[in-house]
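Visitor: no FASTA, just this:
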């Protein structure tokens, strides 16, 4: 594959990177003007002061919250629900499968490196807003977990975790996210950074998040070099994750159709997200990650 | 289709091995390059839409690729077999190149060369360069004779030098001899070619017999030459007068071969000095003849030259513009008169300054001394076996003429007027007192008779078994001149000189020139030994050639017009050195008629093209290799190219 001149070398989580994150944080404040400092709270219904709603009684519920007035009028048991506020949990689900590893030639960045930079940047923003940030690489399973951390000082913990993160194998979002929702009862933002190259499809995995009250944010990464390949003739294409071999005679027409297929795949993901009001971002890794971050800020949803 | 390459079994074995090798390479080639892609389902989606087409095409393409390579192997094997077209000549031919180097080939009416022979040489050299190494070729020059320059050989380099040294011979052309030689040379030689490079001068109107060329012999005639513009001296002679040997007359014949009127100038040279010029005008195809009577030019070598003076005409054949003749030297006749005294005879002989008279008395007579003519007056001593002898009233035992008495007052009744002795005279009224009565022998010729008895008679004695060296001319006059009134008559000195002329002059007053292209038989003086002597011929071109002598004659083949000098070395105590001057002319009207003409033979086709003679072998294997290379390039460009990173 040819190397685009836009590609950047793998960046390290050093002081320079940290300054860039600080710059991004300041920019986020400008973009989201008027919001209170670190008070992005999750709105839960529980044992608060302010009434929120009713729900039918279930066995085991606390009798103290029964609304006897309604019982008096209807002879049915309803519980009074109050708003309960707690810290926002932000989970960064980073795809560490082999498809994310492709493209690191001569020190050039691949999708995996780019995803870690994006996660670090957004994680820094979250830490700075006193949110609880957790980073979880995944492939067909969860490849480790950084427990939720809070406070800007925890950024180095993120850096350290990301530096030590190991590449995974085959992508299977459904399995990975199933385990994720089982392990993390506290819902929150689930920022999925991936190329979404899942042979089983991305819908099942994202649905798991949605169904378990996580609020997904989808960041689709791709490499321009995958689309602008310089291949000709008789080839055997080997899938980086499954190892499946495809015999193909590559012609310019085939390449054109491949790019169309990728576009169709991306549009499918975009449509899925739009229909479900999921924030969706698509970015080639040849674009500097801070531009992507600013784009996310402008779109809103991540910072409130 | 014919094959000249590797044997069929070898080709098949090599082709089979190559096919196996190609198949192995092909299988190796099918191991495609592996490229890792992040997500193959996207590629599969692309392929799904083209799957049926791709599978079919891939299978066909792979099979087609293998088939192409197998076909290439087959083509290479085909090339190794050395294919040639069916009608192509593959075996060596016998090629006979006959080059005309007769006189007409010296004509300069050609472009690209000096003369016709030069063009012929170049064409022959071109043929030598283009024949196959398997062809066997012989080059022969022909004019009035055939001169093979080599035997049949496939080493054409051996022919180059003789071909370059080939020069024009001022001789005629004998096509019959050349064609017969060609037919004999190419007979039973299989496929053969006869190439005649000639101007065909003299062929016009000539028909040939069937030379029985083989069916496989192809005859070609390359005609050289373009024009016929020529004038030629076709005859040039000089002879002394019989009566006046100090003077002579010349005869010149000039023929024009132009098709229009031209002006020319005739020049005469004596010993290379210009002595006479004459302007002449020649009509188309005119034969102009002229005499130069009573010439008293001093000199021995005479030469006639003709040249065109018309400004718009050019003689393209200068070889026949000169002719040569020799004038017999005015030498004195040595006559011995054996007599006791006869003023009539002595006085008459002394009248002629060209006669050197030696008077001898009978007792002084020496038989060993040699004279041109010996006259015996009333005596008859022994004589040698060779010589010319005249007897007046012969008698005695040694007389060669038998007598039987005498005739008194004979009256001459019969005279052979046509006899040279009777030239310009008559003897009818001569009064004779007495004459010897001869007894005639067989062969005796009576010039004058009296009632049947010969008064004057001649005899030629030639070699016999008993006398092998006998060579005598005898004349007998039966009466004594003093016993007649014959000396008183005007006819007497004429008769005496007629005697001498009859015996000596006939072959000395005229020297015929020799013709080029013939073998000259040159009679040598009588005292030249017949063996163990080799003469030297000095040719007009300055060459000195040895000439064998056989039986008193020198044999020489001359082919250049001009003056020749034959030198015979002397043999001590036997003979003295001698030198003979000769003149040679072409004198061949057919050769001077230089208009080119195409050869035609009965029952045999004669081609006028030599291109087919050029050996052109179609090397198909080269084209096959080019085709293989082209197919390989196309195959690489369309299928096998891989630019991947």
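Guide: Structure received. Quick caveat: nothing in here was measured; it's all calculated off a predicted structure.
Visitor: pull out the buried positions in the lengthiest helix in chain A.
Guide: Looking across chain A with DSSP state H, the single longest helix is helix A:252-275. Across helix A:252-275, burial judged by 16 or more other CB atoms under 10 Å in any protein chain shown covers A:254-255, A:257-259, A:261-262, A:265-266, A:269-270, A:272-273. Bear in mind the C-beta positions are built from the backbone N, C-alpha and C, glycine included.
Visitor: am I right that residue A:178 sits in a strand?
Guide: No: going by DSSP: H, G, I helix; E, B strand; the rest coil, the assignment for residue A:178 is helix, not a strand.
Visitor: contacts only, for the nearest residue to it once chain neighbours are set aside.
Guide: Spatially, and ignoring its direct neighbours in sequence, residue A:178 is nearest to residue A:208 (5.5 Å; CB to CB, 6 or more residues apart in numbering or on different chains). With contact set as CB atoms under 8 Å, 6 or more residues apart in numbering or on different chains, residue A:208 has these partners: A:174, A:177, A:178, A:180, A:181.
Visitor: distance check, the spatially most central residue of chain B against residue B:172.
Guide: Nearest to the mean C-alpha position of chain B, counting by CA atoms, centre = their mean, stands residue B:517 at 3.1 Å. Residue B:517 sits 5 Å away from residue B:172, going by CB to CB, to the nearest Å.
Visitor: now for these two: what residues contact both?
Guide: Residues touching both residue B:517 and residue B:172 (CB under 8 Å, 6+ apart): B:102, B:143, B:144, B:586, B:588.
Visitor: verify the stated contact: the last one with residue B:517.
Guide: So that's residue B:588. Yes: counting by CB atoms under 8 Å, residue B:588 does reach residue B:517; the two are 7.4 Å apart.
Visitor: what is in contact with these two at once?
Guide: B:171, B:172.
Visitor: chain B contacts on the stretch 201-304 of chain A?
Guide: Contacts of the stretch 201-304 of chain A with chain B, taken as CB under 8 Å from any CB of the partner chain, map to A:223, A:226, A:230-242, A:244-249, A:254, A:257-258, A:261-262, A:265.
Visitor: contacting residues around residue 257?
Guide: With no chain named, the answer covers chain A. Residue A:257 sits in contact with B:46, B:49, where contact means CB under 8 Å, 6+ apart.
Visitor: wrong one, chain B
Guide: Residue B:257 neighbours (CB under 8 Å, 6+ apart): B:228, B:229, B:230, B:231, B:232, B:285, B:592, B:593, B:594, B:595.
Visitor: likewise for residue B:119?
Guide: Applying CB under 8 Å, 6+ apart, the residues contacting residue B:119 are B:110, B:112, B:113, B:224.
Visitor: mind doing that once more with 6 Å?
Guide: If you count contacts by CB atoms under 6 Å, 6 or more residues apart in numbering or on different chains, residue B:119 has them with B:110, B:113, B:224.
Visitor: between the residues you listed, which is nearest chain A?
Guide: Nearest to chain A, judged by CB to the nearest CB, of those is residue B:113 at 63.5 Å.
Visitor: how about the helices in the stretch 151-300 of chain A?
Guide: Under the criterion DSSP state H, counting those that start in this stretch, helices of the stretch 151-300 of chain A are mapped to A:155-164, A:173-183, A:203-211, A:224-227, A:252-275, A:289-299.
Visitor: please render the ones you listed as TSV that adds mean pLDDT to the earlier fields.
Guide: As requested, the helices of the stretch 151-300 of chain A are exported to TSV (pLDDT from 0 to 100):
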stretch	mean pLDDT
helix A:155-164	89
helix A:173-183	92
helix A:203-211	91
helix A:224-227	84
helix A:252-275	91
helix A:289-299	80
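Visitor: can you tell which of those is closest to residue B:482?
Guide: helix A:252-275 (142.2 Å; CB to CB).
Visitor: run the angle between that closest one and helix A:203-211 for me.
Guide: 20 degrees (axes from the mean of the first three to the mean of the last three CA atoms, to 10 degrees).
Visitor: report the angle between the helix ranked longest in chain B and helix A:252-275.
Guide: When chain B is parsed with DSSP H, its longest helix is helix B:40-80. Interaxial angle of helix B:40-80 relative to helix A:252-275 (the same axes, to 10 degrees): 180 degrees.
Visitor: what's the next secondary structure element after helix B:40-80?
Guide: Using DSSP states H and E, the helix or strand that follows helix B:40-80 towards the C-terminus is strand B:83-84.
Visitor: number of nearby residues for residue B:428?
Guide: 10 (other CB atoms under 10 Å in any protein chain shown).
Visitor: mind checking what secondary structure residue B:311 has?
Guide: Under three-state DSSP, residue B:311 comes out as coil.
Visitor: by mean pLDDT, which helix or strand of chain A comes out lowest?
Guide: strand A:41-56 (a mean of 67; mean pLDDT, DSSP states H and E).
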